[in-house]
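Participant: Provided below for reference: sequence and predicted model.
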Amino acid sequence: MEDKVVVLLKDTGVSNPDRTEDFYSEFLNYLKKKDLHERVQVARAEFAGIYNKGVVMKIWPNNVIYSNVNTSDFEKIVEKTIVENTTIEELLHKDVSRTKRVVLRNCGKIDPERIEDYISAGGYSSLKKILKGMNPDEVIEELKESGLRGRGGGGFPTWMKWNFARQAEADEKFIICNADEGDPGAYMDRSIIEGDPHSVIEGMIIGGFTSGASTGYFYIRAEYPLAIERVQKALDQAREHGFLGERILGTDFNFDMEVRLGAGAFVCGEETSLIASIEGKRGTPRPRPPYPSVQGLWGKPTIINNVETLANIPVIIEKGGKWFSGIGTEKSSGTKVFALTGKVKNSGLIEVPMGVTLREIVNDVGGGIETGAELKAVQTGGPSGGVIPYEYLDTPVDYENLQKLGSIMGSGGMIVMDETDCMVDVARFYLRFCVDESCGKCPPCRIGGYQLLDILNRIAKGLGREEDLEKMEKISEAMVRASLCGLGQTAPNPVFSTLKYFRQEYEEHVKDRRCRTGSCAELMRYSINQERCTRCSLCFKKCPVNAVSGDRKEGYTIEQEKCIKCGECYEVCRFNAVERE
Amino acid sequence: MTKIKANINNIEVEVEKGTTILEAARDAQVAIPTLCKHQDIDPSAACGICIVKVEGFSRMIRACCTPVEEGMSVTTHDPEIIETRRTVLELILSNHPNDCLKCGRNNICELQKLAADFGIREDHFEEHLRNLPEDKSTKNIELIPQKCILCGRCIEVCQQVQDVWALSFLERGFNTRISPAGDIVLSESPCIRCGQCSAHCPTGAIFEYDQTRQAWDALLDEKKHCVVQIAPAVRVTVGEAFGYEPGENLTGKLYTLLRRMGFNAVFDTNFGADVTIMEEAFEFAEKFKSSPEELPLITTCCPSWVDFMEKFYPDIIKHFSSCKSPHQILGVLSKTYYARSKGIDPADIFMVSIMPCTAKKHEITRSYQMAASGYNDVDLVLTTRELSRMISQAGLEFTNLAESESDNILGEYSGAGTIFGTTGGVMEAALRTASYNITGEEFKEMNYKPVRGLEGVREASLEIAGKEIRIAVAHGMGNIETVLNKVRQARDKGDEMPYHFIEVMACPGGCIGGGGQPYGVTDEIRSKRASGLYKDDEKKKLRTSHSNPAVKKLYSEFLQAPMSEKSRKLLHTTFKPRPIYKK
């Protein structure tokens, strides 16, 4: 009997609507015509890791990737590749970027809802390996050698976390997967869970074995329905296959887990709040120490790891800590998944080895700036992170370097900004998020954040005062020093970093009442250049608040008191007669 | 315990393992400022005022909740720390109404004191207040959420110490506020009106319903015959506002003072307590002798406990003593026995109770039985804190006042009556008389230590007339569950009851730690207040209720005997289940 062939396809182009469905059914029909539909399994990929390359097809066991596939190529592909097992050079996708897939190794390659796919891709072999022949100390040793650090933002060495929990004496221990991803624009964890849920589950089971935990909780935010569904399915399958439950794989090791849903608070990504939330309490942080690895969920030693961290575990066990530490830099090993968005051509999920420079990410992986405008800065770390200006783009990305620049690795949000982005507005955006998401427990965050936002709002409206910048620094300092949890301590980072690198822009807003990018609408002033004006009356007709006065004889002017700065007149004028400053 | 050494501001301290930096700093003669911290509750670590620097930590950490580690090096004060504390304080003030002069906590506010200490003279930040409605739904405690700094003390006390769960945080971020859970009003919540929230609030956000004006109005009404009674626990706490040590017994001065305020007669709730004991001990002795299956008997002097039981433990009602609380008893006697002996129309008598308690304000109207004589037993309840304000308003120089005696015929009290004010006191007083009732002999151990102290639940077993009597004393509503669950378990299994007699007081420490008592209570202060009452007991010639001649006279001239028909009508009450949560 001939080998089964698996084909994954996905439209990676920007065409609208997405052609994946059409291609899927057409290709299936074609296979039926050729009577190959029994032998070839076709699946639609959620995510291919390739951008703007038309329809992409991945074919196993040939292990080739074709891009820019058209329906007319079907014949060729079926004949040459599927039947004859040869490669079609002209369709072959050439990957020039610096990406490296460790965490996302299976995403887009396997059907996440089928455990068999994960197993045939080598899944659960690490679990078997440790259950057959490793003791917890050896697992911790392997992790130590790998140098894996928490991918949720803090960068705390994972082996240490596990070891603390392992050494803590208790009748019960827990391991929690933190999938309460909430940074605006970030979807790394969601993609991992939706694309390869078993890798995270396997990581957790290994964590349970190592630390002595017998129960795991998968804490997923309720806003991720597909992820929840897939994890639930994966758990059921793992249980059926004997990877979860009593006497796993015939050993004495018992471990089971369940899903807990977050109720929509960003602060519940902070570990002590997350614990409170699972316990059914109000999601507010508590002081540390005691750390969760000593006294966590229901007072018991608890490991809390981020999704990406856990997805790394099976590979490390499989290929060895040494292999893992060979990727990335000395202090930051492995890869990092980023959600690259903003003004880049290819926005999307990327995975790169630690140590790649920001420039490489923006230009090589992201394909440069979309609009062709000048790159201005890159924001990393989400609302807790900072803005890294153009001058520092050659900095290799790792935990220490980003922190030195006043930002953080965070969970992996990365937003590229060009010269049309106003830094005051950027700081205001992130701060507003943190103010909305503050739990309200401690005054530095609750009131400090509110005051800070109030000042930024004033500045953006052109009502800034001379002393405002100093006041902002004062509040930010107090927030960093006296806030109880990470949310409040890092909330001023976007303000700090923009103040540090783009102080001039703030000063322009405050002193000159001017926003050079035009982002701060209320700072704009529209006027009509009488020389260029042809008195076509279009702006007069379009203005929603009748701020344009005059007639075709006398000409038109804009009454500033009435103007709401909507920019409608500016947009409609065909003669560049409406000026904006 | 293992001792560990650490450095605080370069001074070496040696403390027990587990000691917080805040506590350890005291050994180095340093007081780290705090705001949200209170000794009664676990640190919530909310406010951020107590931040310190610890060598090796990049961030400042909170002293209130961080235990000292071996070799730790701490800096508690430097320009940066002080500046940060000041900024945090200024931020809190920007969110707090600036109307100290018209606030109930003016001069005794913890936030105000910090602002004074830090020399805050101007508003650095824009004022952003929250426009939140006040909750005046109960005539006991008022919530003024706009003044709340969200320290969380009230919630922690309500949930963890009292196990009532009436208060909670609602919403989040800048909009966070305190409110009865589910955003209902306090009167519809499980609140038992114990007032512990108001006694723990550092600002004026939770405040007793102030009735001092009503008291003055009554005193100035010439048609009224104003009488007053002071609760056992008030005499040892009222002085705290005037520079006296906690526990200093000011009974004689209080009598003088109240008379000079204009009261026509000054009585003592301790007399009422003696009568309560007569009734309750009789009730106990009767049950013990003839129907032991009805035991345990549970005390009902505490209105918050009554409220709690009716809401949460209605299945225990049959074990409740039907006896009214001492001030209600004294109240009803003033409108009957006293009125008759003086020839005064009871309608003209206005009875004011000075209580350590906010719940007593509610108790006087809790059922029709609180007006058993046809007139309200008690017309007005003032808390200790309200009395302090009235003393200042009256311009009376407390320290220089002479002592005097209470008025006949409701004033003379025994040592048993006075210890009613502390946890364990009712039990001890009852044992003295119950034992006498059962055996006909005086109780041997006049200072019965097993029921004294501040342990949350105290159990003891003693022998009376050759029979074992098992007793339990619980205080702090959160401690009652363990005791009552044992009773329920025995009842459900048909086992022998674990106790014969149970005393419950809602507030930690009993009435000396009541919700209407002076601010700033700690266990140390509770102990001092309690020992003030025990001293009063010890120096009394008469230490049992049944030996009080005034009580004897009351029974011979008016009531006849404990549990007589008249007693039952005037001095006893009933309880009914009022569950608030549906099953």
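Facilitator: Okay, I see it. Numbers count the residues shown, from 1 in each chain, chains lettered A, B, ... in the order given.

Participant: who touches the closest residue in space to A:E360 that isn't next to it in sequence in this structure?
Facilitator: Of all residues not flanking A:E360 in the chain, A:R98 sits nearest, at 5.5 Å (Cβ to Cβ, 6 or more residues apart in numbering or on different chains). All C-beta spots, glycine's among them, are computed from the backbone N, C-alpha and C. Applying Cβ atoms under 8 Å, 6 or more residues apart in numbering or on different chains to A:R98 gives the contacts A:V352, A:P353, A:V356, A:E360, A:I361, A:D364, A:V365.

Participant: pLDDT weak spots in chain B?
Facilitator: For chain B, the stretches flagged by pLDDT under 70 are B:582-583.

Participant: cutoff 50 now
Facilitator: For chain B, no stretch is flagged by pLDDT under 50.

Participant: with adjacent residues omitted, what lies nearest to the residue nearest the centre of it?
Facilitator: Centroid-nearest residue in chain B: B:G514, 1.0 Å away (criterion: Cα atoms, centre = their mean). Nearest non-adjacent residue to B:G514, counting by Cβ to Cβ, 6+ apart: B:P356, 3.3 Å away.

Participant: surely the one you found meets B:C511?
Facilitator: Yes - assessed by Cβ atoms under 8 Å, B:P356 is found in contact with B:C511 at 4.6 Å.

Participant: quick one: which of those two has more around it?
Facilitator: Between B:P356 and B:C511, counted using other Cβ atoms under 10 Å in any protein chain shown, the more crowded position is B:C511 (34 against 31).

Participant: the more buried one is in contact with B:I419, isn't it?
Facilitator: No - using Cβ under 8 Å, B:C511 is not in contact with B:I419; the gap is 10.4 Å.

Participant: what's the overlap in contacts for these two?
Facilitator: By Cβ under 8 Å, 6+ apart, the residues touching both B:C511 and B:I419 are B:P232.

Participant: residues contacting residue 326?
Facilitator: Just so you know, I chose chain A. A:S333.

Participant: that's the other chain; I wanted chain B
Facilitator: B:P326 neighbours (Cβ under 8 Å, 6+ apart): B:A231, B:P232, B:T269, B:N270, B:G272, B:A273, B:V275, B:T276, B:C301, B:G417, B:F420.

Participant: could you report the neighbour count for A:L297?
Facilitator: Neighbours around A:L297, by other Cβ under 10 Å: 24.

Participant: circling back: so which pair among the contacts of B:P326 is furthest apart in space?
Facilitator: Largest separation among the contacts of B:P326 by Cβ to Cβ: B:A231 and B:V275, giving 14.3 Å.

Participant: burial check on whichever residue of the stretch 201-350 of chain A sits closest to chain B, number of neighbours?
Facilitator: At 3.9 Å from chain B, A:P287 is the closest residue in the stretch 201-350 of chain A, using Cβ to the nearest Cβ. Neighbours of A:P287 under the rule other Cβ under 10 Å: 17.

Participant: ok, back up a step: and the residue nearest to A:E360, how far from chain B?
Facilitator: 32 Å (Cβ to the nearest Cβ, to the nearest Å).

Participant: likewise A:D73?
Facilitator: For A:D73, the distance to chain B - Cβ to the nearest Cβ - is 54 Å.

Participant: I'd like the mean pLDDT over stretch A:352-364, please.
Facilitator: For stretch A:352-364, the mean pLDDT works out to 90.

Participant: can you pull the buried residues of it?
Facilitator: Buried residues in stretch A:352-364, counted by 16 or more other Cβ atoms under 10 Å in any protein chain shown: A:V352, A:P353, A:M354, A:G355, A:V356, A:T357, A:L358, A:E360, A:I361, A:V362, A:N363, A:D364.

Participant: start to end distance for that stretch?
Facilitator: 11 Å (Cα to Cα, to the nearest Å).

Participant: and for stretch A:520-536?
Facilitator: Note: stretch A:520-536 ends 29 Å apart using Cα to Cα.

Participant: residues of it that come out buried?
Facilitator: Under the neighbour-count rule (16+ other Cβ under 10 Å), stretch A:520-536 has A:C520, A:L523, A:M524, A:Y526, A:I528, A:C533, A:R535 buried.

Participant: just the ones of these in strands?
Facilitator: Cross-referencing the buried residues of stretch A:520-536 against strands under DSSP state E gives A:Y526, A:I528.

Participant: next one: the closest residue to chain B within the stretch 51-200 of chain A relative to A:Y399, how far apart?
Facilitator: Ranked by Cβ to the nearest Cβ, the top residue of the stretch 51-200 of chain A for proximity to chain B is A:G154, at 12.5 Å. Distance from A:G154 to A:Y399, counting by Cβ to Cβ, to the nearest Å: 9 Å.

Participant: if you count what's nearby, which of the two comes out ahead?
Facilitator: A direct count of neighbours by other Cβ under 10 Å for A:G154 and A:Y399 places A:Y399 higher, at 20 against 16.

Participant: neighbours of the nearest residue to that one once chain neighbours are set aside, just the number please.
Facilitator: The shortest distance from A:Y399 to any non-neighbouring residue, by Cβ to Cβ, 6+ apart, is to A:G155 (4.1 Å). Neighbourhood size, A:G155 [other Cβ under 10 Å]: 19.

Participant: isn't A:G155 up against A:R149?
Facilitator: Yes - look at A:G155 against A:R149 with Cβ under 8 Å: they come within range, at 4.5 Å.

Participant: shared neighbours, those two?
Facilitator: Joint contacts of A:G155 and A:R149 (Cβ under 8 Å, 6+ apart) are A:S332, A:Y399.
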